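# This is the structure alone, sequence omitted:
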């Protein structure tokens, strides 16, 4: 199994959905798309091995990959949607054991475009904070990926602005350090917020829409060092999905686009996941 | 140096992607460029060139006060073309992206790369019919629409060796055959265009790679097109598809019965405009345009030559294996077929364009009929006519003469639609050898039934024909002729080793194997006889050694008897014969002995 399949606990979620060991998930027969992008779902320098299947979220992703000369795409939908099927109540209730009162959604969960292990973001955080204050009515919870969370100058900027600052953990690397609860925590947080916003249209925004939040994309999209321009960069994202960018967007349109991009119509049954994605080599 | 963008963006641009390299090449080449330049010259105002089109072709359309917009889907292509084509507005994106921008209507809309190449994976998912509607909607009320489309029913497409899911390469991200509004033949395409645009339609049937056709024939001269069969077959053979068999036979038959549209690889429909000429064919990097004589002697007249234009598929490289996650490892070590460069021995000379070409079969067709029907006298006569032509053409003219580009006109052979010339002086014998080497190659490739035995092939057959034509076929001129023929083949379509040829070769190999086995059996049998013969003689000699005097005692003359016996023994063909002989001799001796004792 490629170590990317472990990112955010994706393979753990799929194993659980398929009724397999989700603590030590069996091997996936290929490469699972681990984030949304404007290309074929993988980073431009991703390595692939012959015979491996590319499990992607939506047909559009597969089509872009086909045009790149790549084959063996299978559309399976986003693991996030499988998690939502597995956890229909998570985060919705005050306490599933003692207090099953539905939580009242409030405030905005704000996602700063995050860097990764190989690149840090650069931008004017002060200006972004001002714009968030001007825009958001309720309380703002600021979600930082650990790459930014661990940089005090960034974390403190948002703490000093009076925002609650959280991080869902690490996605892991080379099978180590993966917080398998990453997406569980994110789902819980999203289901408790009314609105999800960010400075770039990215995976978390689509997850927010899928979790029933209003979404908004605004502010300085910031730069990431070493960003690969070959797929057209964020400018292409803005041209392709203008309906999802802005402070006040049509939420019905956002829901439709999100369903398409996350492949809501393409989710497999547990038996199909077992058969299609896991090869049973270490079940 | 500035970083100003050289192009504009509309929705649906593709990146990374190119329609200008490798497997994909833009529409263009001498034939299309000549047609479009003529067409554009009658139009003023705004022109849209939609889809990947070669820079040469766009330049030919631009000028004379026309403002040209070029729409391509690859962002990298747009960037490069924007820098290359000054005065042309280059736009990257899909057709629906351009339409969404609501541009001013165009006086001429050109989509010679086809409607399929106006969309992208990020475009709206619209059908072929809707795309065509969008394209037609971009023209002004009296505007001209020129749109091309390739046919899945074309002979080269039907004979494509690849399974359907691999025929469109990386362009097939959404399988094109799932769109039921997409026409697959000429009739369907004409109907689809008429459905979106009323008006008079000029219909050019294209032969060869649809984006870079080698020949175009107006559908109004399909009756006369039979005389162009060799030209159309050669054009169709320029396909880049791997083929199960050469399309020659199908194209020939369809053209013969007047179904030229069914034989064509694609068509260019022009609504609201007319193209000059009825036949446009490529000669090297130029196009020859000819018109059917309206009055007087029937034939192709008004033959003119275009300016040179580069072939957009000159660097075509077939796509590699796409079945695996990465391109095949083997592909790293097996070099892709190199694009063939035109031979320096051949050039084109516009002054060689004939003023008129008769509506009659080519010499190649006539020689083929004569050969296939065992009519050697007729073949000899035609070869002599050809020899006469080669003899009369001034050596300094350096005109290339082949059997496919010469026609029989009023009983004598004359040059056809061709302007190729040698770059070096070529003697009559060498020119004849070159022409007949090409004929020999074509006949062998097409497996034409020939009246000469199968061991008379290659140089032997070529020499025979050269001599029939009145030439001298010495080794030097045959070798030089081979070199010249290869130079002409290099400029012509690449011949694919196809399945039909492979099956025929396998069949021939099986037959040869059976014949060889029969031959071996015969030899074994002969050896067996020889072996028996030797053993018999050995036995006789042994017997003689055992009792040297016994057989000879009664003999009147020992020396004579021994000599006789040895002679007889050497004539013995089998053991049985020897035994019978010996028995006869013994019995005779016994009878003689008995008679003497009685006496």
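Perfect, thanks for sending it. These numbers were taken from a predicted model, which means no experiment stands behind them.
# Share the number of residues neighbouring residue 240, please.
Unless you meant another one, I'm taking chain A. Using other C-beta atoms under 10 Å in any protein chain shown, residue A:240 is surrounded by 18 other residues. (C-beta placed from N, C-alpha, C; glycine too.)
# To clarify, I was referring to chain B.
Other residues lying near residue B:240 total 19 when counted by other C-beta under 10 Å.
# give me the element it is part of.
According to DSSP states H and E, residue B:240 maps onto no helix or strand at all.
# Can you read off the pLDDT for it?
What the model reports as pLDDT for residue B:240 is 88.
# show me what contacts it?
By C-beta atoms under 8 Å, 6 or more residues apart in numbering or on different chains, the contact list for residue B:240 reads B:209, B:313, B:316, B:318.
# distance between the ends of stretch B:210-226?
When the termini of stretch B:210-226 are compared using C-alpha to C-alpha, to the nearest Å, they are 21 Å apart.
# Could you pull out the buried residues of stretch B:459-475?
Going by neighbour count (16 or more other C-beta atoms under 10 Å in any protein chain shown), the buried part of stretch B:459-475 is B:459, B:461-471, B:473.
# Which of the contacts of residue B:240 ranks first by neighbour count?
residue B:209 (26 neighbours).
# just checking, that one touches residue B:236?
No - contact criterion C-beta atoms under 8 Å: residue B:209 and residue B:236 do not qualify, at 9.8 Å.
# Now for the two: what residues contact both?
Contact criterion C-beta under 8 Å, 6+ apart; residues shared by residue B:209 and residue B:236: residue B:265.
# Any chance of JSON lines for the contacts of residue B:240, columns secondary structure, pLDDT and distance to residue A:269?
Output for these, formatted as JSON lines (DSSP: H, G, I helix; E, B strand; the rest coil; pLDDT from 0 to 100; distance: C-beta to C-beta, whole Å):
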{"residue": "B:209", "secondary structure": "coil", "pLDDT": "95", "distance to residue A:269": "46"}
{"residue": "B:313", "secondary structure": "coil", "pLDDT": "92", "distance to residue A:269": "48"}
{"residue": "B:316", "secondary structure": "coil", "pLDDT": "84", "distance to residue A:269": "45"}
{"residue": "B:318", "secondary structure": "coil", "pLDDT": "75", "distance to residue A:269": "41"}
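# Residue numbers of the stretch 151-283 of chain A in contact with chain B?
Proximity of the stretch 151-283 of chain A to chain B (C-beta under 8 Å from any C-beta of the partner chain) is limited to residues A:230, A:231, A:232, A:236, A:239, A:240.
# quick one: the closest residue to the second one other than its chain neighbours and residue B:191, what's the gap?
Here the nearest residue to residue A:231 in space, its sequence neighbours aside, is residue A:39; by C-beta to C-beta, 6 or more residues apart in numbering or on different chains that works out to 4.1 Å. Distance, residue A:39 to residue B:191, using C-beta to C-beta, to the nearest Å: 38 Å.
# Same question for residue B:152.
Taking C-beta to C-beta, one finds residue B:152 at 15 Å from residue B:191.
# who's more crowded, these two?
Neighbour count, other C-beta under 10 Å: between residue B:152 and residue B:191, residue B:152 has more, with 16 against 11.
# Might you list the low-confidence residue ranges for the stretch 101-250 of chain A?
For the stretch 101-250 of chain A, the stretches with pLDDT under 70 are A:115-119.
# need the buried residues of stretch B:459-475 in a markdown table with secondary structure and pLDDT, can you?
Formatted as a markdown table, the buried residues of stretch B:459-475 follow (DSSP: H, G, I helix; E, B strand; the rest coil; pLDDT from 0 to 100):
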| residue | secondary structure | pLDDT |
| --- | --- | --- |
| B:459 | helix | 95 |
| B:461 | helix | 97 |
| B:462 | helix | 97 |
| B:463 | helix | 97 |
| B:464 | helix | 97 |
| B:465 | helix | 97 |
| B:466 | helix | 97 |
| B:467 | helix | 97 |
| B:468 | helix | 97 |
| B:469 | coil | 97 |
| B:470 | coil | 96 |
| B:471 | coil | 96 |
| B:473 | coil | 96 |
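# Mind giving me the packing neighbours of the helix or strand containing residue B:414?
Following DSSP H and E, the helix or strand that holds residue B:414 is strand B:412-415. Packing partners of strand B:412-415 (3 or more C-beta pairs under 8 Å, 6 or more residues apart in numbering or on different chains; DSSP states H and E): strand B:357-358, helix B:376-392, strand B:406-409.
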